[in-house]
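Engineer: coords please:
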Amino acid sequence: MTFNYPATIIIRHERENKKKCSLTGLEGRLDFEFYSYPRCKLAKDLTGYVVLAVDGEPLSEKDAQAGIILIDGTWKLAEKMVANIPIIQGLPKRSIPKEFVTAYPRRQEVAAGLASIEAIYVAYLACKRPTDGLLDHYYWKEDFLLINQVSIQSLK
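Structural biologist: Numbers count the residues shown, from 1 in each chain. Here you go, the predicted model:
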């Protein structure tokens, strides 16, 4: 597979349950790099990367050539991770469209937010990147696509 954008970086907390992780199946793809927090130190040039964040400027087609960084952990852990990863400090933050709804069943009480794979899928749509295979291993794929079909069409 060839792609004309930097590999998407996933920084996953080591306590994230990989059996429940929505990103399972992406580990072998060439357009993804996985790093384990806090053990693995990310030491590459991140010029041109953006960090997916709830409070960022909306992600759009203008970010098509940007690398995407996703922090993968529970809401509490993710906040701590962002604060403790110096290399991502100062990188632009980008958010995904707010109208998307998660299909992932949650126990946490959060008002909004998507499962990591859902966020990646929407980010790829917003950047006009191919989404082939992204949701192949996601158990709630059909539910997610169904409840968000209007929002998905608006990005295509």
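Engineer: from now on I want contacts and neighbour counts done on CA atoms only, so please keep to that.
Structural biologist: Noted.
Engineer: before we move on, which element is the residue nearest in space to the middle of the chain in?
Structural biologist: The residue lying closest to the centre of the chain (CA atoms, centre = their mean) is I120, at 3.7 Å. Taking DSSP states H and E as the definition, I120 sits inside helix 116-126.
Engineer: the next helix-or-strand element following that helix: which residues count as buried?
Structural biologist: Downstream of helix 116-126, the next assigned helix or strand under DSSP H and E is helix 141-147. By 16 or more other CA atoms under 10 Å, the buried positions in helix 141-147 come out as 141, 144-145.
Engineer: for stretch 65-77, same thing?
Structural biologist: 66-73.
Engineer: my guess is P92 meets L46, correct?
Structural biologist: No: using CA atoms under 8 Å, P92 is not in contact with L46; the gap is 10.8 Å.
Engineer: how about the helices of this protein, start to end?
Structural biologist: 75-83, 116-126, 141-147, 149-155 (DSSP state H).
Engineer: can you name every helix or strand that the last one contacts?
Structural biologist: Right, helix 149-155. Packing contacts for helix 149-155, counted by 3 or more CA pairs under 8 Å, 6 or more residues apart in numbering; DSSP states H and E, involve helix 116-126.
Engineer: tell me where the model's unsure across this protein.
Structural biologist: Judged against pLDDT under 70, the low-scoring parts of the chain cover residues 1, 17, 19-20, 106-112.
Engineer: for the longest strand that the chain contains, which positions count as buried?
Structural biologist: Longest strand of the chain, by residue count under DSSP state E: strand 49-58. Buried residues in strand 49-58, counted by 16+ other CA under 10 Å: 49-53, 58.
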